[in-house]
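[1] How does the following fold in three dimensions:
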Amino acid sequence: MTADGSLVLDGGLAPSPDCRAAVPAEPASASEQAERQRAAWMAAAQAGDRRAYERVLADSVALIRAVARRQGVATDALDDVVQETLLTVHRVRHTYDPARSYDAWLAAIASRRAIDALRSHGRRERRELHDEFALDRHPGRDDASADAERRQQARRLREAIAQLPPGQREAVEQLGLREQSLAEAAAHTGRKAGALKVNLHRALKALRGRLHGED
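    Below you'll find the model as predicted:
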C-alpha cells in the first residue's frame, strides 16, 4: 500500500488504469470440433486404438462422398470411391501427421480415387463407342455383304453423331473418337470434366436408341 492508498502488486508495479480484461477466444464451430475429433481419432488409431480407427473411418465417409461429388463422380459410383479411399487410408495411415489437418489429408486421397474412377468410367464408355465406330475399320475381307453392312452401320453411326446436341457431340468427339482423357477434353473444350462425362453418357444412350432401338 502506497502513501496515496494505491495497492502495489508483487514486483512493485501498480495496476494501470487502462488495463482491460482479456477477451476470451471464440468457441470452435461444430465443423472445427468434428475435424479435431477425427484428427484425434486418427492419432489414437496410429497408436493402436482399434475403436478410434473404426470411428474415424465411419466418420470419414460423408467427407469422401462430398469430395467425390465435387470431382463429378456419378451417384451410382460414389460407394466405389468411398471403398477405394478407405482402402488407401488403411494402407497409408502411417503417413498421416497428427500436427496437420486430417480432413485435408483425407480429401487429397479421396480426390485421387475420384479421378481414378472418372478415368476408368471414361475408358469403359469410350470402348463402348469404339466398338460401334470400329465397324468400318475392320471389315471382313472374305464377305462382301458383311463388309457392306458394316460400312452402312458405320455411316449410320456418323450420321447419328452429327444429329446429337452440340454438347453431346463434342463429348463424343473428344472422349470417344479422339480418345482424350477427361482432363484433356476439359482443357481443350473449356468444359468441366463432370459436364463432359454427363454429356458422353447421354450421347451414348441416344446413339443406342437411334442405332438399336433401345430406350
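
[2] end to end, how far does stretch 160-169 reach?
    10 Å (Cα to Cα, to the nearest Å).

[3] Buried residues, that stretch. List them.
    By neighbour count with 16 or more other Cβ atoms under 10 Å, stretch 160-169 contains the buried residues 160, 161, 164, 167, 168, 169. Yep, even glycine has a C-beta here, placed from its N, CA and C like the rest.

[4] Tell me, how many residues neighbour residue 93?
    Residues near residue 93, counting by other Cβ atoms under 10 Å, number 15.

[5] That one touches residue 46, doesn't it?
    Yes: look at residue 93 against residue 46 with Cβ atoms under 8 Å: they come within range, at 6.6 Å.

[6] Which other helices and strands does the helix or strand containing residue 33 contact?
    Taking DSSP states H and E as the definition, residue 33 sits inside helix 30-46. Where contact means 3 or more Cβ pairs under 8 Å, 6 or more residues apart in numbering; DSSP states H and E, helix 30-46 is packed against helix 50-71, helix 102-133.

[7] a markdown table for those, including mean neighbour count, mean pLDDT and distance to residue 89?
    A markdown table is the format used below for the helices and strands packed on helix 30-46 (neighbours: other Cβ atoms under 10 Å; pLDDT from 0 to 100; distance: least, Cβ to Cβ, whole Å):
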| stretch | mean neighbour count | mean pLDDT | distance to residue 89 |
| --- | --- | --- | --- |
| helix 50-71 | 17 | 91 | 7 |
| helix 102-133 | 18 | 74 | 6 |
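
[8] Select, out of the ones you listed, the one closest to residue 173.
    For residue 173, the closest of those is helix 102-133, at 10.2 Å, according to Cβ to Cβ.

[9] what's the weakest-modelled helix or strand in this structure?
    Least confident helix or strand, the chain: helix 144-162 with a mean of 68, by mean pLDDT, DSSP states H and E.

[10] Buried residues of stretch 87-99, list them for me.
    Neighbour-count burial for stretch 87-99 [16+ other Cβ under 10 Å]: 88, 89, 96.

[11] list the contacts for the last one?
    When you say that, I think you mean residue 96. Residue 96 makes contact with 42, 43, 46, 102, 105, according to Cβ atoms under 8 Å, 6 or more residues apart in numbering.

[12] what about residue 98, which helix or strand?
    Going by DSSP H and E, residue 98 is not in any helix or strand.

[13] Please determine how far it is located from residue 111.
    21 Å (Cβ to Cβ, to the nearest Å).

[14] what's residue 94 in contact with, if anything?
    Residue 94 touches residue 46, counting by Cβ under 8 Å, 6+ apart.

[15] Understood, closing this out.
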